[in-house]
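**Student:** got a structure for you, letters missing:
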Ligand SMILES: NC(=O)C1=CN([C@@H]2O[C@H](COP(=O)(O)OP(=O)(O)OC[C@H]3O[C@@H](n4cnc5c(N)ncnc54)[C@H](OP(=O)(O)O)[C@@H]3O)[C@@H](O)[C@H]2O)C=CC1
Ligand SMILES: CC(=O)N[C@@H](CCC(=O)OP(=O)(O)O)C(=O)O
C-alpha cells in the first residue's frame, strides 16, 4: 500500500480522484487538503463518499504532505510549482493535474499562463504523463505533468497518423467540444445553468493555452514542428470531450488498420470497428479514449473522432494510470470500470 495526499480535494478533479482512489486496493489516502473546508468531514461535503472516505479536509500548510509516498496536486495552475522542490527533497513523488510542468519552453509557459515560473529548473525533469507515448519514462519519474483534457483527446487522435508520417503536419485541425465540468467547480458566470445549459459556444478562438501543449506533444512525435488550428467549444454536457480532428493525407493507407495496430495493446484507448462512431452520451464517466476513423470517399482527408471524459482519461483517471505505472502496480488497477449510461 502507498500513502497518498491530495492537494485541492474539493474541485471536480480532486473529488474524482477521491472516488477512484477510495476503491484502489493499493492506496491509503492519508491527507486531503482544502483551505476553505479545513476541519470538515469529506463525507459531509460529498455525501457520495460516505462510508468510503473517513478523513477530514486539512489546511495545506498544516497537512503532512511530506510524509506521503505520492502527492496529487488537483489545484489551479501555479500552485504545484511552489511546493514541488520541497516535496521532492523529502522523497515524495508528485503528479500535477494542472499545467505547471507541461510545457518545456519556460518563456512560452509564462506567456500563456501569465505568471513567472517558480521552479523552472524542475520542468526539464518532469515527465509528460501520456502513457501511450511516455510509458517507460513515467515508470521512473519523480514528477509527472498530467496532460490537459483537450490535449489528451487531440494527441491520442492524431498520434498514429503523425507517427506514420503520412499527414500534412502544417495543416491539422482540431474542433473540440468539452462538458462544463472541464471549467472546474469554482463559481463563474459562464458556467451558470442559465448561461451554459441549452447553449453552445466556441471560445479561445484567437488562442487557447492548450494550443502550445498540443503543438509541443505532436511536434515531439513528428520530430519536426507541427502546426494546427485548435478551436475549443463549451457544450451543455456535464462531462466528456468530443474531438473531431481533420488531417490531409500525404499517402494512401488503410487508416482503420493503422489505428487498430497502434492501439492494440493500449488498455485505455479503444479503436471502434470500421463504420462505427462513438456515442457522445457514453463518454460520461468513461475511463478511456474511444476513437473512430473515417475517410470521406474520394478525399485525401482523415476524419478522426476522439472521445474522452475530461475528468477521467483527461485528468483523474489518467493521473491514477500514471500512479500505477510509477509504483509498479498493474496499469489498469482501480480504473478498469464500466462507463455510466445514460
Ligand atoms: N476540470 C477538468 O476537467 C480538468 C482540470 N484540470 C486541471 O486540474 C486542476 C484542478 O481543476 P479543477 O478540479 O477543475 O479545479 P477547481 O477550481 O474545481 O478546484 C481547485 C481545488 O484547488 C484548491 N485550491 C485552490 N487554490 C489553492 C491554493 N492556493 N493552494 C492549495 N489549494 C488550492 C481548492 O480548494 P481550496 O480553495 O478550498 O483550498 C479546490 O479544492 C486545474 O489546474 C485544472 O486546470 C485538468 C484536466 C481536466
Ligand atoms: C470547458 C473549459 O472551460 N475547459 C478549460 C480547460 C480545462 C483544463 O483543465 O485545462 P488545464 O488543466 O490546462 O488548466 C478551459 O478551457 O479553460
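**Tutor:** Great, that's in hand. Just so it is clear, the model here is predicted, and its values are computed rather than measured. Ligands and ions are numbered 1, 2, ... in the order given.
**Student:** phi, psi of residue 46?
**Tutor:** phi -120, psi 90 (degrees, to the nearest 10).
**Student:** give the contact list for residue 177.
**Tutor:** Counting by CB atoms under 8 Å, 6 or more residues apart in numbering, residue 177 touches 232-235, 237, 241-243. C-beta here means a position set from N, CA and C on the backbone, and glycine is covered the same way.
**Student:** from these, which would you call buried?
**Tutor:** Using 16 or more other CB atoms under 10 Å as the burial test, the contacts of residue 177 include 232, 234-235, 237, 241-243 as buried.
**Student:** just checking: which of these also lie near ligand 2?
**Tutor:** 232, 234 (CB under 6 Å from any ligand atom).
**Student:** for ligand 1, state which of the buried ones among the contacts of residue 177 is nearest.
**Tutor:** Ligand 1 lies nearest to residue 241 out of these, by CB to the nearest ligand atom, at 8.4 Å.
**Student:** residues contacting that closest one?
**Tutor:** Contacts for residue 241 (CB under 8 Å, 6+ apart) come out as 149-150, 152-153, 176-179, 182, 283, 307-310, 314.
**Student:** if you look at those residues, which of them are in helices?
**Tutor:** Taking DSSP state H as the definition of helices, those contribute 149-150, 152-153.
**Student:** which among these are in contact with ligand 2?
**Tutor:** residue 149.
**Student:** right, is stretch 233-248 up against ligand 1?
**Tutor:** No. Applying CB under 6 Å from any ligand atom, one finds stretch 233-248 out of contact with ligand 1, separated by at least 8.0 Å.
**Student:** can you point out the buried residues in stretch 209-225?
**Tutor:** For stretch 209-225, a neighbour-count test (16+ other CB under 10 Å) marks 209-218, 220-222 as buried.
**Student:** residues making contact with stretch 74-94?
**Tutor:** Contact with stretch 74-94 is made by 6-9, 11, 13-14, 17, 65-66, 68-73, 96-101, 113, 115, 117-119, 122, 141-144, 184, 315-316, 326, as judged by CB under 8 Å, 6+ apart.
**Student:** quick one: which of the ones in helices among the contacts of residue 241 is most hemmed in?
**Tutor:** Tallying neighbours with other CB atoms under 10 Å puts residue 153 at the head of those, with 33 neighbours.
**Student:** got a list of what that one touches?
**Tutor:** Counting by CB under 8 Å, 6+ apart, residue 153 touches 176, 241-243, 289, 306-308, 314.
**Student:** what about these, which are in strands?
**Tutor:** 176, 241-243, 289, 306-308 (DSSP state E).
**Student:** for those, give me JSON lines that also has pLDDT.
**Tutor:** Formatted as JSON lines, the ones in strands among the contacts of residue 153 follow (pLDDT from 0 to 100):
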{"residue": "176", "pLDDT": "98"}
{"residue": "241", "pLDDT": "96"}
{"residue": "242", "pLDDT": "96"}
{"residue": "243", "pLDDT": "97"}
{"residue": "289", "pLDDT": "97"}
{"residue": "306", "pLDDT": "96"}
{"residue": "307", "pLDDT": "96"}
{"residue": "308", "pLDDT": "96"}
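**Student:** which stretches of the stretch 51-200 of the chain form helices?
**Tutor:** With helices called from DSSP state H, counting those that start in this stretch, the stretch 51-200 of the chain shows them at 80-89, 106-113, 131-140, 149-163, 193-196.
**Student:** most packed of the ones you listed?
**Tutor:** Highest mean neighbour count among these (mean count of other CB atoms under 10 Å): helix 149-163, with a mean of 26.
**Student:** can you report how many residues lie near residue 341?
**Tutor:** 10.
**Student:** burial of the residue nearest to it when sequence neighbours are not counted, as a residue count?
**Tutor:** In this structure, residue 341 finds its nearest non-sequential neighbour in residue 282, 5.9 Å apart by CB to CB, 6 or more residues apart in numbering. For residue 282, the neighbour count with other CB under 10 Å is 16.
**Student:** from here on, call the first residue 11.
**Tutor:** In the new numbering, first residue 11, that becomes residue 292.
**Student:** who touches residue 292 in this structure?
**Tutor:** Applying CB under 8 Å, 6+ apart to residue 292 gives the contacts 300, 349, 351.
**Student:** check residue 119 too.
**Tutor:** Residue 119 makes contact with 109, 112-113, 127, 133, 222, according to CB under 8 Å, 6+ apart.
**Student:** which stretches in the protein count as strands?
**Tutor:** Counting by DSSP E, the strands of the chain are 12-17, 37-43, 67-68, 80-83, 103-106, 137-138, 153-155, 182-188, 211-212, 238-244, 251-258, 279-281, 299-304, 311-318.
**Student:** and these, which is most packed in?
**Tutor:** Using mean count of other CB under 10 Å, the stretch among the strands of the chain with the greatest mean number of neighbours is strand 80-83 (a mean of 28).
**Student:** strand partners of it, parallel vs antiparallel please.
**Tutor:** Applying DSSP bridges to the sheet, strand 80-83 is found paired with strand 12-17 (parallel), strand 103-106 (parallel).
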